[in-house]
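J.: Requesting a structural model of the entry that follows:
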Amino acid sequence: MQGFHGKYLRYDLSRREGRVVELDEAVLRGVLGGVGLGSFLLHEEAPVGVDPLAPEAPLIFVFSPLVGTGITTSAKFAVVAKSPLTNRICDALASSHFAIDGKRMGYDAIVFVGACDAPSDWVRGELRPSVSWGRSAEETGRALRSEGRVAAIGIAGENRVRYATISSDGRHAGRGGLGAVMGAKRLKSVVVAGDIETSSADPERVSALALALRNRANGPATAKYSQLGTIGNMLTFDRLGALPTRNFQQSHFEGAEALAGERWQGERRHRRASCAHCTIGCEHRFGYQAKGKDGDASTREVRAEYESLFALGPLCGIDDPDEVLAASQRCDELGLDTISAGGTLAFAMECGDRGELEGGPRFGESVLGWLDQIAAREGLGDRLALGSRRFAEELGGDAIDRAPQVKGMELPGYEPRSLQTMALGLAVGTRGADHNRSGAYEADFSDKVDRLHGDARSVAHAIESEDRAALIDSLVLCKFVRAAFDDLFEESAELLTAVTGESFKAIDLQGAAARIVDLRKAFNQREGAGPKEDTLPKRLLEEPLRSGPAVGARLPARRLAEMIEGYYAGRGWTAEGRVSKKRLAQLADELGLAPRKRADRVTNEDVQ
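T.: As a prediction, this is how the structure comes out:
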């Protein structure tokens, strides 16, 4: 098939050598690229039970058949590994020219195993002493830009903070601590550049389809993103009683108006920007007053996203816009996932209010110093760097009931008690609490379900949203372009047919999406996951919302359990939430997971 290279590079950092491994066409057709191919390779490369921070644990950069085609938002790459935050599968995406130049190296993926004996940069297949260990990812990118496109970690990754990010061109593969995996390998950066193009089978058809999609993506379907971006969610969620506040103790924030993007547009310096090969332009950057150590203030700017603002604002009880924007910028500089950083700090703040934690942060206080401590693993920051689940387990007692996490991953900015279809999506997600692998909230914001009383209708929408996300993340396209498709599966099949020269139908991609979800679940299953993980914190199942527009809303444990039972049945899994032995055998047969050893597929093409 065109659009693919049909091989990946497996580079052993300990041995300082790479080998090229062939990929069967059945695999590429069956899981596509991005998170699908990454999930397959994680099964292939990760030893059962491996510690995510061990040298043997693989770190996988994956591209897709659409990268380099000019299709809007297709300049994205996936990073896949076993998460040090959750001990489960983790895939994170970033938009960057790194995707285009990485694919031009001639591989569908680059897999790193082993560990460097000293801090190093991997530059187009060669290991070199790191030029920027101890510096930010942005500084590293500037230092190595003449060599190619750069993906790098900040000091949080170097110090193995369990929610450290990997960054490229100011965009972040953020969730799950993949930066810590990279840091454990003492790999500061990955630099890619190449001139191997992937051709399309029908370039004229690809151009016509790309133009039509671009025109639709520049219209009403994505207008909310180009006009204001995701920060427009702040007031909407607050109005619906769906804005998590002070560690999910409330769902309405009295300071939401001060953090509203609508207000900022008229009061603050504001400019738009776009990711690589994107015509939507959802990035909105706002100016803020940054206070220096000497007390002086200067105007800086930062990309403002809802999830970062929610986690570092309402969740921590902070309504000062300059403080929240500065905290978001600090996370970017240090290489910290904003959601997990905010969630862990908010949990610590509540513990402090309860008298369970001396000398810790408090609601409404600045978090900037705490972020520095977390990234450096200093003082209490060393414990906060573990994430809310591990920190709660250290505290003991009933602290875990209030830790805002699922499977160890901190909850995003969606209140489950007032968005109960989304509650199901958060509970069953293979990556943990996740708004990017489940778009179930879209049903809650429609008239298709009762958002305050989840039921069987919620199940079908949760499954459908997961399948759509699995396809988009494997193509790899931006979620924001999804509304520009009239029929995602049918039109994606047209695109793949034009690019690859092989016939794809909607039913093929529906099967691929379900296969990818099963594959991710199967990985967690082999790593010891069980149905007890598919749940929400006790607080959300036992406490009603006590104030705000959704006051009184409840999500009883039995209601969630019934939805989860329906979800398992809808997925074709066992009543215990496991991929059946028959389905596992089918996956092995379809993808060749078991019979063929990697050694059989290593080519004569070595990369020293």
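
J.: CA atoms for contacts and neighbours, from now on please.
T.: Noted.

J.: Next up, the contacts around residue 368.
T.: Residues near residue 368 by CA atoms under 8 Å, 6 or more residues apart in numbering: 326-327, 330.

J.: Which helix or which strand is home to the closest residue in space to residue 455 that isn't next to it in sequence?
T.: Spatial nearest neighbour of residue 455, chain neighbours left out: residue 563 (6.2 Å); criterion: CA to CA, 6 or more residues apart in numbering. Per DSSP states H and E: residue 563 is located in helix 557-571.

J.: distance between that helix and the chain's centre?
T.: 25 Å (CA atoms, centre = their mean, to the nearest Å).

J.: Check which residues of that helix are buried.
T.: Residues of helix 557-571 classed as buried by neighbour count (16 or more other CA atoms under 10 Å): 559-560, 562-568, 571.

J.: Distance to residue 403 and pLDDT for those residues - can I get that in JSON lines?
T.: As requested, these are arranged in JSON lines below (distance: CA to CA, whole Å; pLDDT from 0 to 100):
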{"residue": "559", "distance to residue 403": "21", "pLDDT": "98"}
{"residue": "560", "distance to residue 403": "18", "pLDDT": "98"}
{"residue": "562", "distance to residue 403": "23", "pLDDT": "98"}
{"residue": "563", "distance to residue 403": "23", "pLDDT": "98"}
{"residue": "564", "distance to residue 403": "21", "pLDDT": "98"}
{"residue": "565", "distance to residue 403": "24", "pLDDT": "98"}
{"residue": "566", "distance to residue 403": "26", "pLDDT": "98"}
{"residue": "567", "distance to residue 403": "25", "pLDDT": "98"}
{"residue": "568", "distance to residue 403": "25", "pLDDT": "98"}
{"residue": "571", "distance to residue 403": "29", "pLDDT": "97"}
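
J.: Who is residue 112 paired with across the strands?
T.: With DSSP bridges as the criterion, residue 112 is bridged to residue 11, residue 59.

J.: which residues touch it?
T.: Contacts of residue 112 (CA under 8 Å, 6+ apart): 10-13, 58-60.

J.: Using ChimeraX, define a selection of the buried residues within those residues.
T.: Listed next is the ChimeraX selection for buried residues among the contacts of residue 112, using 16+ other CA under 10 Å:
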select :10,11,12,13,58,59,60
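
J.: Just give the nearest non-adjacent residue to the residue nearest to the spatial centre of the chain, would you?
T.: For the chain, the residue nearest the mean C-alpha position is residue 92 (3.7 Å; CA atoms, centre = their mean). In space, and not counting its chain neighbours, residue 92 is closest to residue 173: 4.8 Å by CA to CA, 6+ apart.

J.: ok, that neighbour - contacts?
T.: Counting by CA under 8 Å, 6+ apart, residue 173 touches 78-79, 92-94, 165-167.

J.: would you turn these into JSON lines with secondary structure?
T.: Listed next are the contacts of residue 173 as JSON lines, based on DSSP: H, G, I helix; E, B strand; the rest coil:
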{"residue": "78", "secondary structure": "strand"}
{"residue": "79", "secondary structure": "strand"}
{"residue": "92", "secondary structure": "strand"}
{"residue": "93", "secondary structure": "strand"}
{"residue": "94", "secondary structure": "strand"}
{"residue": "165", "secondary structure": "coil"}
{"residue": "166", "secondary structure": "strand"}
{"residue": "167", "secondary structure": "strand"}
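
J.: biggest separation within the residues you listed, which pair?
T.: 78 and 165 (12.6 Å; CA to CA).

J.: so what pLDDT did residue 602 get?
T.: What the model reports as pLDDT for residue 602 is 55.

J.: try the one 3 residues further on
T.: Reading off the confidence values, residue 605 has pLDDT 62.

J.: do the same with residue 594
T.: At residue 594, the model reports a pLDDT of 53.

J.: what pairs with the residue nearest to residue 92 across the strands?
T.: Beta-bridge partners for residue 173, by DSSP bridges, are residue 166.

J.: just to revisit the earlier point, which member of the contacts of residue 173 is positioned nearest residue 430?
T.: For these, the nearest to residue 430 is residue 92 (12.6 Å; CA to CA).

J.: surely that closest one meets residue 78?
T.: Yes - Residue 92 lies in contact with residue 78 (CA atoms under 8 Å); the separation is 5.6 Å.

J.: where are the low-confidence patches of the stretch 501-608 of the chain?
T.: 594-608 (pLDDT under 70).

J.: how about 50 then?
T.: Per-residue confidence of the stretch 501-608 of the chain (counting by pLDDT under 50) places the weak regions at 595-596, 608.

J.: Over to the stretch 51-200 of the chain?
T.: For the stretch 51-200 of the chain, no range has pLDDT under 50.

J.: all helices for the stretch 501-608 of the chain, in order.
T.: 506-526, 538-542, 557-571, 581-591 (DSSP state H, counting those that start in this stretch).

J.: Now the second one: buried residues?
T.: Spelled out, that is helix 538-542. Within helix 538-542, the residues that count as buried by 16+ other CA under 10 Å are 538-541.

J.: quick one: which of those residues is nearest to residue 468?
T.: So of the buried residues of helix 538-542, ranked by how close each gets to residue 468 (CA to CA), first place is residue 540, at 26.9 Å.

J.: Could you list which residues are in contact with the closest one?
T.: 416-417, 554-555.

J.: Can you show me the strands along the stretch 251-400 of the chain?
T.: 270-273, 283-291, 297-303 (DSSP state E, counting those that start in this stretch).

J.: any residues touching the first one, and which ones?
T.: Contact with strand 270-273 is made by 281-287, as judged by CA under 8 Å, 6+ apart.

J.: Let's have these in CSV, adding distance to residue 275.
T.: Formatted as CSV, the contacts of strand 270-273 follow (distance: CA to CA, whole Å):
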residue, distance to residue 275
281, 7
282, 8
283, 8
284, 11
285, 13
286, 17
287, 19
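
J.: Show me which of these are buried.
T.: Among the contacts of strand 270-273, those classed as buried by 16+ other CA under 10 Å are 281-287.

J.: out of those residues, who's nearest residue 84?
T.: Nearest member of those to residue 84, counting by CA to CA, is residue 283, at 29.2 Å.

J.: what separates the closest one from residue 260, distance-wise?
T.: Distance of residue 283 to residue 260, given as CA to CA, to the nearest Å: 16 Å.

J.: Could you do residue 181 as well?
T.: Counting by CA to CA, the gap from residue 181 to residue 260 is 35 Å.

J.: the more surrounded of those two?
T.: residue 181 (32 against 19; other CA atoms under 10 Å).
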